[in-house]
Each structure stands twice: as C-alpha cells, then as structure tokens.
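Asks: sequence plus predicted model, see below.
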Amino acid sequence: MILSATLLSASGPAGADELTLARVARFPPPGARVATQFRFSHDGRFLYFLALLGPGPERSLLREEVATGKREVIGRGAGDAAALSPDEILRRERQRIQDLGITEYVLAEKADVAVFVSGGELYLAHPGGTPARLAETGRGALTPQLSFDGTRLAFVRDGELRVLDLKSRALVALTHGATGTLHHAVAEYIAQEEMDRPLGFWWSPDGRFLAWEESDEAAIAEYPIVHQGRPAWDVERPRYPFAGGPNAKVRLGVVASTGGSTKWLSLAPPGEDFYLARVRFGRDGALFAQVQSRDQKRLRLLRFAPPAWAATTLLEERSDTWVDLHDDFRPLENGRFLWSSERSGWKHLELRAADGRLVRPLTSGAWPVDRLEGIDEQSGVVFFTGARDSPLHKPVYRVSLEGGDITRVTPEDGFHAAVFARDGRRFVDVHDTRSQPPKALLRAADGTIERVLDANDDPEVQALGLAAPELVTLEGPDGSVLHGAIYHPPAGAPGGPRHPAIVRVYGGPTAQTVKDSWELTQDLRAQFLARRGYIVFRVDNRGTPRRGGPFERSINRRLGTLEVEDQAAGARWLASRPDVDGARIGVYGWSYGGYMTLLMLLKAPDVFRAGVAGAPVTDWDGYDTHYTEQYLGTPQDNPDGYRNGSVLPLAAKLERPLLIIHGLSDENVHFRHTARLLNVLNPAHRAYDLLVFPDERHLPRGQDDREELEARLVAHFDRALASR
C-alpha cells in the first residue's frame, strides 16, 4: 500500500486528476443531473419537471408540450439555503433532499395550474409570462396544495391551515389554536420521517372540504438540541417519540373549505394506540384513511362518506410480524379499487369491490411487486414495477384488470422509475444501469420510445473514467443467495497483487444497495478508494427489501444479529479471493450502516480490522417508535431483542481502530447515541478517533465538512490497513 500518495487525488488511471476528495464530497455526483419530479398535467397535454440549468445544484421548474416537445422555464431556482425556514430545513432533511432552488411544486388535479416554492415564497406559475409571487401567503408557508380545479391554494403558516383564493386573493384561516405541542394540518415527525407521509391535509375533489390532521405531542418529552458552534447559540426543542414511549395523539377531521367547525372522524376505538398512515379522497367525495395499529401487525382501510362521515371498514390486513405501508390504494371510476397485500409472503396487486371484497388477485408468484405505477381504466390495464425477473432489476410491467398474463413493458435491464399520465396512455421512464447514468424517456404505454426528454450527457462521467462494479452472488450462512458488488482497483493502482479491502455496509431493512443501477457507479467514495488500491465490496444481507417474506422478515425481533452474520460471511467470501488480502479488511457505514459497522467490529474482529461508523445507532431504546417497534417490538415486550441488538454491552471489548463521525445537530440519530458509546469506551480505556460536526444534522451538507469527512475516512483506513 502506498501511503505517501496525497489525499487530494487518487492515483492511477484516466480521470485520476479529476477524482479529488473535493469532488467526492461535492453534490450532485456525476450522472445525477437528470431532470426529476416529472408530472403530467391533468389532460396529458403538458409535462412538468425540475431540471438543473446551470453547473450548480439549483433546480428550476420547466413545462414541455407533450405533442411538440416545446419547453419553457416557468420558474427559475436560485441558491436559497439562507432563506429557508427551520420547518423547511427539517422537511428537506426528512425527505433527504439535497438540491437547492425549486425542490417543491404542485399541480391541480383538473386544471393546468402550478404553484412552486422558491426562496421561502410561493409563486403561481404563468406559462409564457412571469410567475406571480403570492404575497398573501407570507414567508415560510408549508406544504402548498391546490384545489382540484386550481382556483384555490391551501397551505400551513404559523401553525394553522389557510386557504387562498387565487383570483380574489382572499385568505381564510380554517384552523385555530395551535400551540407548541398541538399541531394543525402538519404531518407529525413519525409520519414524515418513517411513514413516507409528508402531508397533514387533503382537498376533496369538489373543493368543498378539506380533511386535516391534528397531532398532540404533549405526552412526548422534549429532546433539546443545542446549536453550540454558532456565534450566538440557540436551542431547538423537538419532541422525539422514543421506542416504547408515547407517540403523538392524532385525530382526523373534515372542515368546509370556506371555514366553520371541524367534524372529527372515528379512526379507532377509544384508548387504542394507532398511526394515521394514509389519507385520500375518492372520486365520489368519500374520504379514505389507512389506520395502522401501534404494534404494526394490523392495517385497516376505512371509508367515510359525506355528509355524516360515518366510518365503514373495507378491509383489514394482518401479519404475525408487521404490515408494510404502501401507496397502492387507488379508487376506480366504478367504485372498485386497487390494493396490494403481502398475505402470501410476497407483495401482490389485487382488485377489490367497492365494499372491500376481493374480486381477483392481479399478480402472484415468488416475487414482489414494487408499486402500482399507473392505470388505463378505459382499456382496463394496470402498470406496475416489480422484481419478477430479478431483484437486481426493476422493469415496468402491465396486467389486465381481468387478470391473466403479465407483460413486460420496458425491455431494458436495470432500474426504471415510471411516471404515468392520468389516462395511462404514456409515461416518463427514468432508466439507468450500472454502465449508463439515468436518462429520461417519453414512452407510449406499450413501451415504445417516443423521444428522449433528458439524455443526461454529463461530460464528467467520461472525464472521471468511472468503472461499473462487478455484480456477484454468494451463499449466506442459511443457504440464502446474497447479492454483492465489487469495485476493483484499476491496473496500476497501488497495493497489489493482493489488495486490502473495505466493505461498505448499510444492512437495514429499508434499503437495497446492490442492484443494476447507476447508484453503484456514481459512488465516488468507493471509486476513489478503489483507485487508491482498495477492493471495495458491498452485499445485501437478510432483512433487506425486494426479496420476499422469509428473507426480509427473518430479522423480526432480532436486529443486529442475522445481518452481521451475513456481512461477516460476505467478507470471508471476499477474503477467499486471490486478489484480496483477507487480513486487511475494513468496514464503513452511515446510520444503520454505522450501527452495523460497530457490530461487525465487535462481533467479528477476526474478519474486520478497522471501521468508520457514521451517525450510528448504539442502542435501539434511543431510536423512534415506528421504525424500531416495527422490527423489534417495544423494549417492554422484547427486552432480549433490545439487549442483544445493542452495541453498548459489547463496546468495552473493542479491539480494532475505529473512527466515529457524528453531527451534533442530528435530530434523527441523536449525538446521544455516540455519547453513550463513548461512556463505555472511555472507562474501558479503548482507543477511538472522533470527528464531530457541530452544525450538521443526520446528512452532512456543508462542502467543507464533507471534504473533511472524506479525508479523515481515507486517512483512517490508510493507517489501519497499511500492512499486516
């Protein structure tokens, strides 16, 4: 291993001079500048999307005429980080948004009207003209939503739900009395962070009503976050629902859009602890809500019909482990609806009658549907993505509402992200593979490419000379097939012929990291380390998604056990290769990956010689309710699972060089996790290195901080893995 090489650039092949640590740290990565957030107008005539128009990360809003391809910029984004409100900063953090400029816009369901957010202000788009700033909404308006006819805009400001008439500019407040613990029309923390539900209010199709959520956090204790690195310190006072503790008390009501009293709906029997998982109106004006039990083993679909808004239970999903949430509920014209279920052990689509009875399953087999993508009701066709052919690929498929054979729509391997027009006659396909950055295509419903919307010809891809990792398979400890990816050092890289290796781990139950996708190739940290002479490896262990019930649910009530066994088995398999020095294997990961890094060092020190743990969970009693309890239950009902899944009882045995990285302002995995770890390591006189970012949250965003993170990580492995 050559240790004298500067950390400013990797040494070796073409592109080495460009692949500096500054470039590794800079957002966006190469090939990631493709247009995003495609949406068709209600009639399919226009296509809206966000695009990068310059070299920076600021996105603008564009509109393109579908028939002609003529496009125009209708909202120009600018670097607006300083203008963001604290609530907007947290919204972007919870949705993992790193772009700047315009990151949010909304379209009306039945009119060609668009509103976007820029610099903390709301604007009404005027194609062919200048956007109109909606001054009446004020700064810091949250989650704007247009009425279906596009004449009114609902939003939250100063904690209350308001409606603005876009013609008269008359403003009406629909809710009153919000406090520091009582929130109106805003999704609670758990909904935003863990349930993929960003909204706290919803328009009815006729515009007469809005459904809205009230959440009461009074029973949740404050968890202060002190911002200590600034010239003037201040304190954030979020209320964080720790596993086994109280959640926000949520209720759902309906109010007239012109104002008045709220009709509160019956979501569960009195005293029952539950989550409000999903809400939407149907075409007939009925309101649908999905309610999940606190233990997440039951999910009920409720229907509330006006004017009485009495509840009817249409169906209930049950599981011995947990019921996953989804967005596949879709009401149809004739009152029937689409749904997905994992009762067979694999997620599959179903057609249901208006009263909830099963009409017929639409898909089946030992493979999972990813999600419902679109419907052509006139032709009776449903479009979806799934892992039918391989978990490494994600094509678009179609099936008739009458059932029958499934047809693959997108012939290319790799990953496809589809956005369908409302009539299902065409769709945008953002397609990528390990060897091809994502490009956006306009396709007919049969998969025929009509034109390229964004070729994404990023010259940096060629300039950096990025090499796609090799995909491999290996056998796990239980005989399962595990998928892995290897980044090979290029010819001439230092450290051969037997290279030290580094495992990049996540391992958590919500992310697939090995797939035929550009996400692997654009991993500049792995590319940099490979050019520095390391073999970099990743493998998806048991518990990771898109593999079906037995594989995914094997971790039930025992986090941090099977995942570590599989990762250790993967590293031992890697060590058996003739080009790997099995005595010099390191590991790094972030968040769940940081947790896994610690466990891999502590449980398999014979395999892993050094590690870098970023923002690690160290004990699950310090993480939130919905995520933790889904897989472990509560600390009260599964104390053994919490104890066996904790890093802290093992930490005093640390033998290997460890670098811990954490942001003091992390509101997701609190710095408390690292502090508790240090309180075990210090009395045990165990050495470690610590890199703290006072102003960073869970996802480091500052360029200087990110560069320091990358430099420290590389230097740590260079020291620890330099020789036997």
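Replies: Happy to help now that I have it.

Asks: any weak-confidence spans in this structure?
Replies: Along the chain, the model assigns pLDDT under 70 to residues 1-17, 79-83, 724.

Asks: can you give me the helices in it?
Replies: Along the chain, counting by DSSP state H, helices occupy 21-25, 86-94, 189-193, 459-464, 518-521, 524-531, 549-553, 562-575, 592-603, 625-632, 639-644, 672-681, 703-720.

Asks: the third one packs against which elements?
Replies: Under the contact definition 3 or more Cβ pairs under 8 Å, 6 or more residues apart in numbering; DSSP states H and E, helix 189-193 sits against helix 86-94, strand 274-281, helix 625-632. Just so you know, the C-beta spots here come from the backbone N, C-alpha and C atoms, and that holds for glycine as well.

Asks: before we move on, what about the first one?
Replies: For helix 21-25, the elements it packs on are helix 524-531, helix 703-720, judged by 3+ Cβ pairs under 8 Å, 6+ apart.

Asks: so which of the helices and strands packed on helix 189-193 is the most surrounded?
Replies: Looking across the helices and strands packed on helix 189-193 with neighbours counted as mean count of other Cβ atoms under 10 Å, the highest average goes to helix 625-632: a mean of 23.

Asks: alpha carbons only: can I get stretch 688-695 in CSV?
Replies: Extracted as CSV, the C-alpha positions of stretch 688-695 are listed here (Å, rounded to 0.1, in the frame of the first residue of the first chain):
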residue,chain,number,x,y,z
TYR,A,688,-11.0,5.6,19.1
ASP,A,689,-11.0,8.6,16.9
LEU,A,690,-13.9,11.0,16.9
LEU,A,691,-14.9,13.6,14.2
VAL,A,692,-17.8,15.9,15.3
PHE,A,693,-19.6,18.4,13.1
PRO,A,694,-21.3,21.0,15.3
ASP,A,695,-23.7,22.3,12.7
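
Asks: now the helices and strands packed on helix 189-193 in TSV, with distance to Asp413?
Replies: Listed next are the helices and strands packed on helix 189-193 as TSV, based on distance: least, Cβ to Cβ, whole Å:
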stretch	distance to Asp413
helix 86-94	32
strand 274-281	32
helix 625-632	31
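
Asks: which one of the ones you listed lies nearest to Gln290?
Replies: strand 274-281 (3.9 Å; Cβ to Cβ).

Asks: residues making contact with the closest one?
Replies: The contact list for strand 274-281, computed with Cβ atoms under 8 Å, 6 or more residues apart in numbering, reads 190-191, 195, 197, 199, 202-205, 211, 213, 247, 250, 252, 267-268, 287-294, 296, 299, 325, 327, 329, 626.

Asks: in contact with His488, which residues?
Replies: The contact partners of His488, by Cβ under 8 Å, 6+ apart, come to 467, 469-470, 530, 535, 579.

Asks: switch to 10 Å and redo it
Replies: Taking Cβ atoms under 10 Å, 6 or more residues apart in numbering as the criterion, His488 is in contact with 467, 469-470, 499, 530, 534-536, 579.

Asks: quick one: the strands in the stretch 351-500 of the chain?
Replies: 358-361, 369-376, 381-386, 396-400, 407-408, 415-420, 426-433, 436-444, 449-454, 470-475, 481-487, 499-504 (DSSP state E, counting those that start in this stretch).

Asks: pick the most deeply packed of these.
Replies: strand 499-504 (a mean of 26).

Asks: each with direction, which strands does that strand pair with?
Replies: Strand pairing for strand 499-504, determined by DSSP bridges: strand 535-539 (parallel), strand 580-590 (parallel).

Asks: count of residues packed around Pro231?
Replies: If you count neighbours by other Cβ atoms under 10 Å, Pro231 ends up with 4.

Asks: quick one: Pro131 and Gly77 touch, right?
Replies: No: between Pro131 and Gly77 there is no contact under Cβ atoms under 10 Å: 11.3 Å.

Asks: common neighbours of the two, please.
Replies: Common contact partners of Pro131 and Gly77 (Cβ under 10 Å, 6+ apart): 61, 116, 118.

Asks: quick check: closest non-adjacent residue to the second one.
Replies: Same thing as Phe116. Tyr105 (3.8 Å; Cβ to Cβ, 6 or more residues apart in numbering).

Asks: right, and that neighbour touches Val117 too?
Replies: Yes: using Cβ under 10 Å as the test, Tyr105 is close enough to Val117 to be in contact (7.1 Å).

Asks: between those two, what contacts are shared?
Replies: Residues touching both Tyr105 and Val117 by Cβ under 10 Å, 6+ apart: 61, 75, 123, 144.

Asks: the first one contacts Leu47, correct?
Replies: To tie it back to what came earlier, the one meant is Leu61. No: counting by Cβ under 10 Å, Leu61 sits too far from Leu47 to count as a contact (11.6 Å).

Asks: please say which of these two ends up with more neighbours.
Replies: Neighbour tally, Leu61 and Leu47, criterion other Cβ under 10 Å: the higher count belongs to Leu61, 27 against 24.

Asks: please name the residues that touch the nearest residue to that one once chain neighbours are set aside.
Replies: Distance criterion Cβ to Cβ, 6+ apart; nearest residue to Leu61, sequence neighbours excluded, is Gly75 at 3.6 Å. By Cβ under 10 Å, 6+ apart, the contact list for Gly75 reads 48, 50, 59-63, 101-102, 105, 114-118, 123-126, 131.
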